[in-house]
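S.K.: Provided below for reference: sequence and predicted model.
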Amino acid sequence: MSDRNGSEQSGNPQRQGTVVYDAATTPADGVVRRPHIARGQSATDRAAAACLHAGIELSRAELVPTGGAARAANGVRLSRQALAELAKNAPDPAADARGARNAAAAAAVAAQEARSHGGASELSEAAYRAAIKASQAAGAAAGSEGLGRNDTLNAEADAAEAAAVAAAVEAGWM
């Protein structure tokens, strides 16, 4: 494996969720990167669970989705692919935050489908609202003000994701 300068790295290869430091990667880069990847993975897992709750097979993803179920399944597929690619690359807080934002948006689409699946109960409505809040917070963290580096916006996005997971669990989606 090579670092950003083309030099060979020694030691263990970088795995998803693991930060490997070398001469071109500072600990600060790793600290910024890990929360975005973790938040994106959480949102993707939440989206997949909401799809399954709604009876949406993830194989229903379409290249150009036309219905809500296909959009939800496609969002999970694209989020998984994007986060896997981001984890292979050198830390880039702005790109990582955008990946987490996109995963949160996919989770909001899936939450909309899950909410409509079993009727709009109070718990499913709360889970949907929490998914929207998580998507908005992730968008703010990735936006031009923060570019993935604003500690306050990142903390708000992390808290909103945790709340969305809790609400999805409460609704029986996870």
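M.R.: That came through fine.
S.K.: what are the buried residues along stretch 67-87?
M.R.: In terms of neighbour count (16 or more other CB atoms under 10 Å), stretch 67-87 has its buried residues at 69-77, 79-80, 82-83, 86-87. Bear in mind the C-beta positions are built from the backbone N, C-alpha and C, glycine included.
S.K.: same thing with stretch 83-99?
M.R.: 83, 86, 87, 91, 92, 93, 94, 95, 96, 97, 98, 99.
S.K.: which one of these sits closest to residue 163?
M.R.: The closest of these to residue 163 turns out to be residue 97 (CB to CB; 18.5 Å).
S.K.: confidence score at the closest one?
M.R.: Per-residue pLDDT puts residue 97 at 96.
S.K.: roughly how far does the residue most central in space within the chain sit from residue 67?
M.R.: Taking CA atoms, centre = their mean, the centroid of the chain lies closest to residue 40, which sits 1.9 Å from it. Distance from residue 40 to residue 67, counting by CB to CB, to the nearest Å: 25 Å.
S.K.: ditto for residue 39
M.R.: Counting by CB to CB, the gap from residue 39 to residue 67 is 28 Å.
S.K.: got it, and residue 115?
M.R.: From residue 115 to residue 67 the distance is 16 Å (CB to CB).
S.K.: again with residue 46
M.R.: Taking CB to CB, one finds residue 46 at 21 Å from residue 67.
S.K.: do residue 93 as well
M.R.: Residue 93 is 35 Å from residue 67, by CB to CB.
S.K.: ok, back up a step: now, the buried residues of stretch 67-87 that are in strands?
M.R.: In strands, defined here by DSSP state E, there are no members of the buried residues of stretch 67-87.
S.K.: pLDDT check: weakest of those?
M.R.: For those, the pLDDT minimum is residue 87, 90.
S.K.: that one contacts residue 37, correct?
M.R.: Yes. Assessed by CB atoms under 8 Å, residue 87 is found in contact with residue 37 at 5.9 Å.
S.K.: strands of this protein, start to end?
M.R.: For the chain, applying DSSP E gives no strands.
S.K.: pull the longest helix from it.
M.R.: helix 27-53 (DSSP state H).
S.K.: go through it and flag the buried ones.
M.R.: The neighbour-count check on helix 27-53 (16+ other CB under 10 Å) flags 29, 32-33, 35-53 as buried.
S.K.: over to stretch 133-142?
M.R.: 133, 134, 135, 136, 137, 138, 139, 140, 141, 142.
S.K.: from residue 137, how far off is the closest residue to the fourth one other than its chain neighbours?
M.R.: In other words, residue 136. Excluding its sequence neighbours, the residue lying closest to residue 136 (CB to CB, 6 or more residues apart in numbering) is residue 160, at 7.6 Å. Using CB to CB, residue 160 is found at 4 Å from residue 137.
S.K.: sounds good, over and out.
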